[in-house]
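A.B. asks: Sequence and predicted structure, then a few things I'm wondering about:
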Amino acid sequence: MAVSVKICGLTEAAGLAAAVDAGARYVGFVFFPKSPRHVTPGTAAELAAQVPLGVAKVGLFVNPDDAALDAVLAHVPLDVIQLHGAETPARVAEVKARTGLPVMKAVGVADPQDLDALWDYGLVADMLLIDAKPPKDAVLPGGNGLAFDWRLLAGRQILKPWLLAGGLTPENVHEAIRLTRAPGVDVSSGVESAPGVKDPDRIRSFIARATAPIL
């Protein structure tokens, strides 16, 4: 099983280069001002120009209105829109139709009931990102370094392509994949030396561990 890796929250060239060179399938740029990983459309455009063919450029948005999407897409040639807020399935469908781009929808999980949303979003989203549900007082909808009980996904069939996220690190990603059989993984804070500062060595280590054979 070839596992796809997404490195999210990239803000500068060194982290981007490490991700691409190590074999990341997706690179993510965050367009959410409250995040320490937020980038302007101008910065994202400069970084996107360094991404080779075969690596998908993902833009992360949180409850964006049409104007917010348009402002970014006017400058940044994204390949995928990631919706990481409380967007409804209807809004996911609207964003797909408006942008003409594939949409990845994040679904927060804390207990088994949360998995029910995978069906509703799976009917309209092109991909799903299964993440830990943020704490009630959290400012960020993701990137909090929290994991959920991966055993909830053991043996579960998910109809759309999906990525596992939430609290993943170079130290635990191999076990997370073994337990969940995730076809892809997403990491942000787990490969940082400080909030918003990617560590190229941890990026390389994460991708190596994520793509190592499951015995």
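C.D. replies: That came through fine. Numbering: from 1, shown residues only.

A.B. asks: Please count neighbours and contacts with C-alpha atoms only from this point.
C.D. replies: Fine.

A.B. asks: center of this structure, which residue is that?
C.D. replies: The centre of the chain sits closest to D186, judged by Cα atoms, centre = their mean, with a distance of 4.9 Å.

A.B. asks: Check it and give its pLDDT.
C.D. replies: D186 carries a pLDDT value of 98.

A.B. asks: how about the helices in this protein?
C.D. replies: Using DSSP state H, the helices of the chain run over 13-22, 41-48, 66-73, 89-99, 117-122, 173-180, 200-210.

A.B. asks: Run the chain-centre distance for the fifth one.
C.D. replies: It stands for helix 117-122. Mean C-alpha position of helix 117-122 versus that of the full chain (Cα atoms, centre = their mean, to the nearest Å) differs by 17 Å.

A.B. asks: Can I get that helix in PDB? Just the C-alpha atoms.
C.D. replies: Provided in PDB are the C-alpha atoms of helix 117-122 (Å, rounded to 0.1, in the frame of the first residue of the first chain):
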ATOM      1  CA  ALA A 117     -20.500  12.700   9.100                       C
ATOM      2  CA  LEU A 118     -18.100  10.800   6.800                       C
ATOM      3  CA  TRP A 119     -21.100   9.500   4.800                       C
ATOM      4  CA  ASP A 120     -22.700  12.900   4.300                       C
ATOM      5  CA  TYR A 121     -19.500  14.700   3.300                       C
ATOM      6  CA  GLY A 122     -18.400  11.700   1.300                       C
END
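
A.B. asks: number of nearby residues for the residue lying closest to A22 once chain neighbours are set aside?
C.D. replies: Of all residues not flanking A22 in the chain, R204 sits nearest, at 5.7 Å (Cα to Cα, 6 or more residues apart in numbering). The burial count assigned to R204 is 21, neighbours taken as other Cα atoms under 10 Å.

A.B. asks: same thing with the one 5 residues further on?
C.D. replies: When neighbours are counted by other Cα under 10 Å, R209 registers 18.

A.B. asks: Quick one: neighbours of the closest residue to it other than its chain neighbours, just the number.
C.D. replies: Among residues not flanking R209 along the chain, H174 sits closest, at 5.7 Å (Cα to Cα, 6+ apart). The local packing of H174 (other Cα under 10 Å) involves 20 other residues.

A.B. asks: Hmm, H174 is touching A210, no?
C.D. replies: Yes. Counting by Cα atoms under 8 Å, H174 does reach A210; the two are 5.4 Å apart.

A.B. asks: if I look at the residue nearest to R209, how far off is L164?
C.D. replies: 12 Å (Cα to Cα, to the nearest Å).

A.B. asks: same deal with E87?
C.D. replies: 19 Å.

A.B. asks: More neighbours: which of these two?
C.D. replies: Taking other Cα under 10 Å, E87 and L164 do not tie; L164 has more neighbours (28 against 17).

A.B. asks: Just to check, that one is in contact with L129?
C.D. replies: Yes. Applying Cα under 8 Å, one finds L164 in contact with L129, separated by 6.0 Å.

A.B. asks: Contact partners for the closest residue to R37 other than its chain neighbours?
C.D. replies: Nearest residue to R37, sequence neighbours excluded (Cα to Cα, 6+ apart): G196, at 4.7 Å. Counting by Cα atoms under 8 Å, 6 or more residues apart in numbering, G196 touches 9-11, 36-37, 189.
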